[in-house]
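Asker: I would like to see how this sequence folds:
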Amino acid sequence: MIEKPVNHIDTLIIRCPNWVGDIVMAIPALDCFRDSFPETKIIGIVKKNAQGILRDGPWFDGFIDCDDKSWAGFWRMTEQIRDYKADMAVLLSNSVRSALSVWLGRVKNIYGYRRNFRGIFLRGGPKPVRNNYRIVPMPTAEYYLGICRWLGLNVPETIQPRLFINQEILKRAESLFEKYGIRKNDLVIGLNPGASFGASKCWPPEHFAELAELCEKELGAKILLLSGPGEEPIAQAILKKSRADIINTYDDKVDLELLKPVVRRCNLLITNDTGPRHYAVALDIPVVVIMGPTNPRYTATNLDRTTVIRKEMDCSPCHKKICPREHQCMTEITAAEVFTAATKLLKEQN
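Answerer: As a prediction, the model looks like this:
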């Protein structure tokens, strides 16, 4: 039997998604929960390295480290869930493991999408829309809000995500900009060439290298190269192939919290279809997205200041981490094509 949640909730636990972009796209749903339960203690289960995305926002009163890749981490997380004695939990992730950890954490009222055979752990929740047994792709932000609607909460009319930055992080960012020689009136274009999902999402380094040269020569822009853990080879390949004077941020270890003011300083971000794309949307920064193997329907919201460039192939969208063919969906997108889209977007914002 599916039941609606309890009326009085002292403590609510929300299991957040794992991917950076998904966390940002979940923010409208987090807004809905905070607005609906203003006096409730809300605890977020979030990967430790991703908590900085949400820190300083109004959504959570505390965090539990999401560390369920090992049994030791799983049980440690479960014990922390038990300590809160929560009245209710909401799962924004889709895995059975996320449901099991909260159930073993002795939360009786668990809600989330009823999929992946995890319904035995849930008190209730919506079912994803299917067509011929296959889940129909929909904007991720709307997908998360579907749980709010099922619970009978008042969903906001606008679903624009937002990010918050504290003064300490702002000062750290200002120190970086001073180090990089970035002045107040400089035109700054950020390039984000990596993707933690896999190589299939990555536009070739030589294309980014050529694009950097175009942006510097034609626009007089300062080029800020963004790269995260494990992406140094991509950054080095771009630096080696480009004659542009590129500012490489890799050695400064810009984490997901510091990345917020760094992206906000950019006049334009050019990126693969990955987390920083959604930072730009939340911070109202124009963004050109180079998209290959992913389905654009999952991110088809808040596109007012976004230009998506993709090539329709007979194999796309495949959602494979490594391309089994010749990666034409990305290699056939030229630097000139991306530069044209970038200059058009910049002009539209002025």
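
Asker: so what's the residue count around the residue nearest to residue 313 when sequence neighbours are not counted?
Answerer: Leaving out its chain neighbours, the residue that sits closest to residue 313 by C-beta to C-beta, 6 or more residues apart in numbering is residue 329, at 4.9 Å. Where you see a C-beta, it was placed from the backbone N, CA and C, and this is true even at glycine. Neighbourhood size, residue 329 [other C-beta atoms under 10 Å]: 24.

Asker: surely residue 128 and residue 136 touch.
Answerer: Yes - contact criterion C-beta atoms under 8 Å: residue 128 and residue 136 qualify, at 7.5 Å.

Asker: more neighbours: which of these two?
Answerer: Neighbours around residue 128 and residue 136, counted as other C-beta under 10 Å, are more numerous at residue 128. The numbers are 14 against 10.

Asker: what's that one sitting at in phi/psi?
Answerer: phi -60, psi 150 (degrees, to the nearest 10).

Asker: and the gap between it and residue 22?
Answerer: Per C-beta to C-beta, to the nearest Å, residue 128 is found 15 Å from residue 22.

Asker: over to residue 57?
Answerer: Distance, residue 57 to residue 22, using C-beta to C-beta: 16 Å.

Asker: compare the two (neighbour count), which wins?
Answerer: Shown here are residue 57 and residue 22; by other C-beta under 10 Å, residue 22 has more neighbours (20 against 16).

Asker: tell me the contacts of the nearest residue to that one once chain neighbours are set aside?
Answerer: Spatial nearest neighbour of residue 22, chain neighbours left out: residue 140 (6.1 Å); criterion: C-beta to C-beta, 6+ apart. Shown in contact with residue 140 (C-beta atoms under 8 Å, 6 or more residues apart in numbering): 21-22, 25-26, 298-299, 301.

Asker: the nearest residue to residue 248 once chain neighbours are set aside pairs with what?
Answerer: Nearest residue to residue 248 in three dimensions, chain neighbours excluded: residue 225, at 4.9 Å (C-beta to C-beta, 6+ apart). Note on residue 225: beta-bridge partners by DSSP bridges are residue 191, residue 248.

Asker: make 373 the first number, not 1, from now on.
Answerer: From this message on, residue numbering opens at 373, which makes the last subject residue 597.

Asker: hang on, residue 597 packs against residue 566?
Answerer: No - in this structure, residue 597 is not within contact of residue 566 by C-beta under 8 Å, at 10.0 Å.

Asker: which residues are common contacts for these two?
Answerer: Common neighbours of residue 597 and residue 566 (C-beta under 8 Å, 6+ apart) are residue 607.

Asker: which residues touch the closest residue in space to residue 508 that isn't next to it in sequence?
Answerer: In space, and not counting its chain neighbours, residue 508 is closest to residue 501: 4.5 Å by C-beta to C-beta, 6+ apart. Contacts for residue 501 (C-beta under 8 Å, 6+ apart) come out as 507-508, 510.

Asker: same check, this time on residue 530
Answerer: With C-beta under 8 Å, 6+ apart, residue 530 has these contacts: residue 400.

Asker: give me the distance between it and residue 399.
Answerer: Residue 530 is 12 Å from residue 399, by C-beta to C-beta.

Asker: please consider this matter closed, and thank you.
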